[in-house]
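>>> Quick one, what's the 3D model for this:
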Amino acid sequence: IYLSVSNGRGKENRYRTYPSVTVNHLENWKQDSQKIKVTPSEPNAKSLNDKLYEFKTHFIEELKECYKNDIRLDKDVIKRIEKTFGNSVTNKKIKLTNDKFYLTTIWSEFVEGMESGLYKHKSKGSKVPYSNNTIQNHKGSIKRWAEFEKVNGKILPHQINETLHSQFVHYYENHENQYLNNAINKWIVCFKALVNKEPMKPYKKQMLEYDSREWTEVSNETLSWALTEDELDTLYNLDLSDNPEYDLYRDVFVFNAHTCGMRIGDYLELKDKEIKTVEDKTGNSFDVLEFNQQKTGGRVVVPIPNVGLNIIKKHDGIPMPESSQRSNEVLKILGKKAKLYKKISKKLANGKILEAKQWEILTNHVARKTFCTLTYKSGVNTLDIMNISGHKSEKVLLGYINVTEEQHALRWTQTDYFKKVNRKHLRIA
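So this is what the prediction gives:
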C-alpha cells in the first residue's frame with residue numbers, strides 16, 4: 001500500500017507503507033475504488049476492505065494534525081503514523097515536542113550550564129570550562145535570535161535548514177543598526193555550536209534538513225584600520241574624570257594597544273597574578289605579562305611599558321571591562337570625543353564601496369591592529385611581533401598591519417642591511 005500526498009501544484013510525494021493486502025485474483029482488485037471485489041473467490045474481502053478504510057481514515061486524521069502543527073512530512077513521520085494505527089498518539093507527542101521547543105529558552109539554559117560548569121568543551125583531549133568571552137558571545141547571540149523570532153515567528157526544529165540561515169542573514173544584513181558581517185557570523189557560529197550540544201539532542205531527529213555545511217559565514221569584507229600614535233595619544237589624553245566607566249574602557253584599549261594587542265577573549269581572562277618581574281643580564285628588572293592564548297594555546301610573555309604600568313597603578317590592577325560588547329559600544333562614543341572623523345573606505349570585489357568614519361568602527365579589535373601596525377612601522381622584526389601578538393604566520397600578521405607600499409619601503413630603509421649597503425657604496429653626487 002502506498003500513500004500519495006499532493007501539494008495541489010503537480011508535485012506529488014509517494015511513501016510506501018508497511019501493511020499489505022493479499023488478493024487471490026488480480027482482476028478482483030478495483031483500482032478506481034481502491035477496494036477488493038466481494039466475491040466467493042475472495043473470502044476475506046469485506047474484512048480487508050474495512051481495514052483499508054480504517055487505515056486510510058487514520059492517515060487522513062494524523063496528516064491533518066501534521067499540517068495543523070506545522071510538522072514536515074517525511075519517511076520517519078509516515079512510519080510513526082503507520083505504527084500507531086489503532087493508537088493515534090504519535091503526532092500528539094510530536095505536537096507536544098514542538099510546543100516544548102523554545103529556542104531562546106533552551107539556549108539560555110545551556111548558557112547557565114556553561115557558567116556553572118555543567119557543560120564543558122573539549123580542548124586537546126580534555127574537557128575544560130568555557131571562557132567568559134565565549135559565554136558573552138552566546139548571550140549576545142540569544143538576543144539577536146530572539147529579535148529574529150519576534151519579527152519572523154517561532155522557530156521549530158524542522159525549520160532549521162538552509163532557508164532559515166538565508167532568512168537570518170538577510171534580516172541582519174538589512175537591519176537599521178547596520179551590523180557588520182563579522183557580528184552576523186558570530187551569531188551563526190554560536191547557533192551552530194548550540195545545535196551540536198546536549199540540550200538540542202531531543203530535537204535532532206526532527207532537524208532532517210539541517211546541514212551545518214550549508215550554514216556558511218557571510219563574506220567578511222570589513223574595513224581594516226589602525227590608530228596612529230598621535231590618534232592613540234589623543235584618545236589617552238581625553239579628560240574622562242567625570243565618567244569612570246568611559247575612563248576604564250579607554251584605558252583598557254590603550255593598555256592593549258601599547259602592550260601586546262591581545263585578542264579581547266584573552267584580555268577578559270587576564271588576572272593580576274599573571275604580572276611577574278624578570279631581570280636582564282645587567283640586573284635591570286621589568287614587569288612582564290604572561291598568559292596562554294585561548295585560540296592557539298601558545299604562551300605569551302611580554303614586557304609592560306610605562307604607560308601600561310601607570311594604567312595598572314591607576315586602577316589598582318589590570319582594568320577589566322564588563323563585556324566586549326559594552327566595550328565596543330563605549331569605544332564609539334570615545335572615538336567621537338577624540339574627533340576620529342577621518343573616513344575609511346574600501347572597494348569590494350562586487351564594486352561596492354564600503355565606507356565609514358573612524359569612530360563608527362572603533363572596536364576592541366582595532367587595539368590589536370594598532371599594536372601590530374605601530375610596532376611594524378617602528379622597525380620591529382615581524383617574528384618578534386608574532387611572538388607577542390600570537391599570530392602563527394607572517395602572512396596573517398601582515399594582513400593586520402595597516403601600512404601603505406610607501407611605508408613598507410621607508411621601513412626597509414631602516415634595516416641594518418640597507419644601511420650597510422649605503423655605507424659601503426656612497427652615492428655619487
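
>>> could you point out which element follows the helix or strand where residue 191 lies?
Assigned by DSSP states H and E, residue 191 falls within helix 181-195. Remark: after helix 181-195, the chain's next helix or strand is helix 229-236, criterion DSSP H and E.

>>> Check which helices and strands that next one sits against.
If contacts are counted by 3 or more C-beta pairs under 8 Å, 6 or more residues apart in numbering; DSSP states H and E, helix 229-236 sits against helix 244-259, helix 364-377. Where C-beta positions appear, they are placed from N, C-alpha and C, glycine not excepted.

>>> So what touches it?
Contacts of helix 229-236 with the rest of the structure, by C-beta atoms under 8 Å, 6 or more residues apart in numbering, involve 227, 250, 253-254, 257-258, 307, 334-335, 338-340, 358, 370, 374.

>>> Identify the residues contacting the closest residue to residue 390 other than its chain neighbours.
Nearest residue to residue 390, sequence neighbours excluded (C-beta to C-beta, 6 or more residues apart in numbering): residue 293, at 4.7 Å. Applying C-beta under 8 Å, 6+ apart, we find residue 293 in contact with 262, 263, 266, 299, 300, 390.

>>> hang on, isn't residue 222 packed against residue 179?
No. Using C-beta atoms under 8 Å, residue 222 is not in contact with residue 179; the gap is 11.4 Å.

>>> Following the helix ranked longest in the chain in sequence, what is the next regular element?
Counting by DSSP state H, the longest helix found in the chain is helix 45-68. Using DSSP H and E, the helix or strand that follows helix 45-68 towards the C-terminus is helix 75-83.

>>> What residues sit buried inside that next one?
Judged by neighbour count (16 or more other C-beta atoms under 10 Å), helix 75-83 contains these buried residues: 77, 78, 81, 82.

>>> ok, back up a step: check the average confidence over the helix holding residue 191, would you?
The average pLDDT for helix 181-195 rounds to 90.

>>> Please apply the same query to stretch 386-397.
Taken as a whole, stretch 386-397 has a mean pLDDT of 79.

>>> Name the residues that touch it?
For stretch 386-397, contacts defined as C-beta under 8 Å, 6+ apart pick out 260-263, 293, 295-296, 298, 300, 302, 368, 371-372, 375, 382-383, 385, 400.

>>> Take these and keep only those in strands.
300, 302 (DSSP state E).

>>> just checking, residue 58 touches residue 83?
No. Residue 58 is not in contact with residue 83 according to C-beta under 8 Å; the separation is 11.0 Å.

>>> what number of residues lie near residue 286?
13 (other C-beta atoms under 10 Å).

>>> Tell me the secondary structure of it, please.
What DSSP: H, G, I helix; E, B strand; the rest coil gives for residue 286 is strand.

>>> got a list of what it touches?
Per C-beta under 8 Å, 6+ apart, neighbours of residue 286: 277, 278, 279, 280, 303, 304.

>>> run the last query once more with 6 Å
278, 303 (C-beta atoms under 6 Å, 6 or more residues apart in numbering).

>>> Please name the bridge partners of it.
Beta bridges link residue 286 to residue 278, judged by DSSP bridges.

>>> what does the one 4 residues further on give?
According to DSSP bridges, the partner residues bridging residue 290 are residue 301.

>>> Relative to residue 259, how far out is it?
12 Å (C-beta to C-beta, to the nearest Å).

>>> ditto for residue 347
34 Å.

>>> So the two - more neighbours on which side?
A side-by-side neighbour count of residue 347 and residue 259, using other C-beta under 10 Å, places residue 259 first with 21 against 11.

>>> Report pLDDT for the more buried one.
We have a pLDDT of 90 for residue 259.

>>> Hmm, it is touching residue 308, no?
Yes. Counting by C-beta atoms under 6 Å, residue 259 touches residue 308, with 4.8 Å between them.

>>> Spell out which residues are contacts of both of these two.
Shared contacts of residue 259 and residue 308 (C-beta under 6 Å, 6+ apart): none.

>>> Would you confirm that residue 14 belongs to a strand?
Yes. Under three-state DSSP, residue 14 sits within a strand.

>>> give me every residue that touches it.
So residue 14 contacts 2, 4 (C-beta under 6 Å, 6+ apart).

>>> returning to that earlier point: buried ones only from the contacts of stretch 386-397, please, as a ChimeraX command.
Listed next is the ChimeraX selection for buried residues among these, using 16+ other C-beta under 10 Å:
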select :260,261,262,263,293,300,302,368,371,372,375,382,385,400
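
>>> Put the alpha carbons of stretch 379-398 into CSV.
Extracted as CSV, the C-alpha positions of stretch 379-398 are listed here (Å, rounded to 0.1, in the frame of the first residue of the first chain):
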residue,chain,number,x,y,z
GLY,A,379,61.0,48.7,12.7
VAL,A,380,60.3,45.8,15.0
ASN,A,381,61.1,42.4,13.3
THR,A,382,57.9,40.6,12.2
LEU,A,383,58.9,37.4,14.1
ASP,A,384,59.3,39.4,17.3
ILE,A,385,55.8,40.9,16.7
MET,A,386,54.4,37.4,16.1
ASN,A,387,55.9,36.1,19.3
ILE,A,388,53.9,38.8,21.2
SER,A,389,50.7,39.1,19.1
GLY,A,390,50.4,35.3,18.8
HIS,A,391,50.0,35.2,15.0
LYS,A,392,51.0,31.8,13.6
SER,A,393,52.2,33.1,10.2
GLU,A,394,53.7,36.2,8.8
LYS,A,395,51.1,36.3,6.1
VAL,A,396,48.3,36.6,8.7
LEU,A,397,50.2,39.2,10.6
LEU,A,398,50.8,41.3,7.5
